[in-house]
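1. Sequence below, structure please.
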Amino acid sequence: MKTQTILLIEDDFLNRRRIKKVLEKQYNIIEAGNAAQAYEALNNNQIHLAIVDINLGQNAQEEGIRIGNSIKNEYLIPFIYLTAYDMPEITSKAIDTAPKSYITKPFKEVDLLMSISIALHHNATTTLQKTLTVKEDQYYTEIPIENIDYLESEGNYVLLYTDEKVYRYRSTIKEIYTMLPQNIFIQVHRAFIVNKTKVEKYNQKEIVICKKIIPVSIKYNG
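-> Below is the predicted model:
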């Protein structure tokens, strides 16, 4: 099962097709040919990394840099620039947005795959948390991440199911997923994240944890 999704923002169809072919064996790929499609994908999907072409058309020579800046400040996911630009003034603007890598075309497939792997690994280790702080009545409690069986979205809260009890944590499912170690947790549905070590049985449509049947969405079942 592919557990990580990459957003590929590239206006050239042939380039998108080539890059997708390189990556789709390991990752789920969502394609965007312009800024509008990129933001739609970011707003409606759980994206783990974005690959951004700086030049998104003749009239948008630095549109990719603006998207990169939004990804850094609003979506908080790692991204990589993949571009034909190697001019100092463009490179300097791009570096200011803190990409995980800057790869110029033509590129070697191994360089792209390695840059993605490093970016995803670094993001997972730097955002790793050991506990989540929840409020019960007038007190705060630290819940060890490893004790969570699964998580369920409930409006502006997420329900944390453990063997002992259920806790409410103020967050969206999208936000909390970025805080969890993704070698242990996987989102299987728009409303559910599961601890892979707690799975009792599963098929393409359902997962069972502690006798609870959790739906699996095709969108998340790579």
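2. where are the low-confidence patches of this structure?
-> For the chain, the stretches with pLDDT under 70 are 1-2, 58-61, 124-129, 221-222.
3. centroid residue for it?
-> His48 (1.8 Å; CA atoms, centre = their mean).
4. ok, that one touching Gln4?
-> Yes: with contacts counted by CB atoms under 8 Å, His48 reaches Gln4, the gap being 4.4 Å. Glycine gets a C-beta too; all of them are placed from N, C-alpha and C.
5. residues shared between the contacts of the two?
-> 120, 182 (CB atoms under 8 Å, 6 or more residues apart in numbering).
6. With adjacent residues omitted, what lies nearest to Asn203?
-> Of all residues not flanking Asn203 in the chain, Val216 sits nearest, at 8.0 Å (CB to CB, 6 or more residues apart in numbering).
7. correct me, but the one you found touches Tyr202?
-> Yes: Val216 is in contact with Tyr202 according to CB under 8 Å; the separation is 7.4 Å.
8. Would you mind pulling the contact partners of stretch 117-124?
-> Stretch 117-124 is contacted by residues 4, 48-49, 77-80, 100-101, 181-183 when judged by CB under 8 Å, 6+ apart.
9. which residues in this structure form helices?
-> Taking DSSP state H, the helices of the chain run over residues 13-23, 35-44, 63-70, 88-95, 109-126, 173-177.
10. Could you report the neighbour count for Glu74?
-> 11 (other CB atoms under 10 Å).
11. Quick check: the gap between it and Ile116.
-> 21 Å (CB to CB, to the nearest Å).
12. ok, now Tyr161?
-> 32 Å.
13. What of Leu160?
-> 30 Å.
14. for Ile80, what are its contacts?
-> Contacts of Ile80 by CB under 8 Å, 6+ apart are 49-52, 99-103, 112, 115-116, 119.
15. for the residues you listed, which one is nearest Gln26?
-> Set against Gln26, the nearest of those by CB to CB is Ile116 (8.4 Å).
16. burial count for the residue nearest to Ile186 when sequence neighbours are not counted?
-> Spatial nearest neighbour of Ile186, excluding adjacent residues (CB to CB, 6+ apart): Thr3 at 5.1 Å. By other CB under 10 Å, the residues close to Thr3 number 16.
17. ok, now Ile30?
-> Neighbour tally, Ile30, other CB under 10 Å: 20.
18. For Ile103, list each beta-bridge partner.
-> Leu82 (DSSP bridges).
19. Now for it: which residues touch it?
-> 80-83, 111-112, 115.
20. Can you tell me which of the residues you listed are buried?
-> By neighbour count, with 16 or more other CB atoms under 10 Å, the contacts of Ile103 hold 80-83, 112, 115 as buried.
21. check contacts around the residue nearest to Ser217 when sequence neighbours are not counted.
-> Excluding the flanking residues, the one nearest Ser217 by CB to CB, 6+ apart is His189, at 4.5 Å. Neighbour list for His189: 214-217, 220 [criterion: CB under 8 Å, 6+ apart].
22. Nearest to Lys21, out of these: which one, please.
-> Using CB to CB, those come closest to Lys21 at Tyr220, 22.3 Å.
23. right, and the closest one touches Ile193 too?
-> No: counting by CB under 8 Å, Tyr220 sits too far from Ile193 to count as a contact (9.7 Å).
24. which residues are common contacts for those two?
-> 186-187.
25. Of the two, give the one with the bigger neighbour count.
-> Neighbour count, other CB under 10 Å: between Tyr220 and Ile193, Ile193 has more, with 24 against 21.
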